[in-house]
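**Q** here's my sequence, what's the structure:
(chains A and B)
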Amino acid sequence: DQQVKQNSPSLSVQEGRISILNCDYTNSMFDYFLWYKKYPAEGPTFLISISSIKDKNEDGRFTVFLNKSAKHLSLHIVPSQPGDSAVYFCAASSPGGAQKLVFGQGTRLTINP
Amino acid sequence: NAGVMQNPRHLVRRRGQEARLRCSPMKGHSHVYWYRQLPEEGLKFMVYLQKENIIDESGMPKERFSAEFPKEGPSILRIQQVVRGDSAAYFCASSPDRRTSSYNEQFFGPGTRLTVL
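**A** Numbers count the residues shown, from 1 in each chain, chains lettered A, B, ... in the order given. Here you go, the predicted model:
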């Protein structure tokens, strides 16, 4: 049962344009969402997060939008840069003691010059 | 400020051998998580530990896998009698005490890539 889904395995974007990565979830108990970036042979690097009490969080070139009614979140990167080429994972957690993260399958973003 | 450290980075074992993976959390972090990533898949939660306590092991296989986080020293993920299906990247993450931070960002180590021959 895939509770967090990233339906696009890959995405190609031209340098300087906007990259939009999407994520859907099914568990309405999730209250905190995170985006991680991963290069080959490295661990995931935390990018940005959002609490379920917000619908938008912005940090520099990165903005995350949360639509709770649609159970959908997206990551916007603008302008896209070659160094943004990586695999991006969406993750979610629910309240309580466990705090474990549930990850999507990832989207491979390629920024073309 | 050292990040999460994992060793070894690469580990090769033959079927039936034991694998020990080590994780040192970030300074000041008291929570450790282990995740496994199979090829072309996302990370899957295995176990969540605090010092000397296993808090949630709902993602751990019932047999051959165990984890600990002793009072002193790194967290250890132990896989006994490895099989080819155990070949994966194993990532450790740490987070600060929830009493000092309202967030649940988990910071990941570089991973250990286990290959079972």
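
**Q** middle-most residue in chain B, spatially?
**A** The residue at the geometric middle of chain B, judged as the C-alpha nearest the mean C-alpha position with CA atoms, centre = their mean, is B:Trp34 (3.2 Å).

**Q** report the contact partners of B:Glu57.
**A** For B:Glu57, the contact set (CB atoms under 8 Å, 6 or more residues apart in numbering or on different chains) comprises B:46-48, B:67. Quick note: C-beta positions are derived from backbone N, CA and C, even for glycine.

**Q** of these, which is the most crowded?
**A** For the contacts of B:Glu57, the largest number of neighbours (other CB atoms under 10 Å in any protein chain shown) sits with B:Tyr48, at 26 neighbours.

**Q** that one should be in a helix, yeah?
**A** No - if the criterion is DSSP: H, G, I helix; E, B strand; the rest coil, then B:Tyr48 is strand and not within a helix.

**Q** that older thread, dig out what the residue nearest to the centre of chain B forms beta bridges with.
**A** Partner residues in beta bridges with B:Trp34, using DSSP bridges, are B:Val47, B:Cys92.

**Q** wait, it touches B:Ser66, no?
**A** No - proximity of B:Trp34 to B:Ser66 does not meet the contact threshold set by CB atoms under 8 Å, at 10.8 Å.

**Q** overlap of the contact sets of the two?
**A** Taking CB under 8 Å, 6+ apart as the contact rule, B:Trp34 and B:Ser66 both touch B:Leu77.

**Q** number of residues surrounding B:Arg84?
**A** In terms of burial, B:Arg84 registers 9 neighbours under the definition other CB under 10 Å.

**Q** and the spatially closest residue to it that is not a sequence neighbour, what does it touch?
**A** By the measure of CB to CB, 6 or more residues apart in numbering or on different chains, the closest residue to B:Arg84 outside its immediate chain neighbours is B:Val116, 5.0 Å from it. Contacts were defined as CB under 8 Å, 6+ apart; by that measure B:Val116 touches B:12-15, B:19, B:82-87.

**Q** filter those residues to the buried ones?
**A** Neighbour counting over the contacts of B:Val116 (16 or more other CB atoms under 10 Å in any protein chain shown) leaves B:13, B:19, B:82, B:86-87 as the buried ones.

**Q** what's the most distant pair in the residues you listed?
**A** B:Ala19 and B:Ser87 (10.2 Å; CB to CB).

**Q** shared neighbours of those two, anything?
**A** For the pair B:Ala19 and B:Ser87, residues contacting each of them under the criterion CB under 8 Å, 6+ apart are B:114, B:116.

**Q** show me the contacts for B:Gln106.
**A** Neighbour list for B:Gln106: A:34, A:46, A:101, B:33, B:93-95 [criterion: CB under 8 Å, 6+ apart].

**Q** okay, residue 27: pLDDT?
**A** Went with chain A since none was named. In the predicted model, A:Asn27 carries a pLDDT score of 92.

**Q** ah, no, chain B please
**A** At B:Lys27, the predicted lDDT confidence score is 89.

**Q** same deal with the one 5 residues further on?
**A** Reading off the confidence values, B:Val32 has pLDDT 95.

**Q** my guess is it contacts B:Cys92, does it?
**A** Yes - in this structure, B:Val32 sits in contact with B:Cys92. The criterion is CB under 8 Å, and the distance is 6.3 Å.

**Q** common neighbours of the two, please.
**A** B:23, B:25, B:75.
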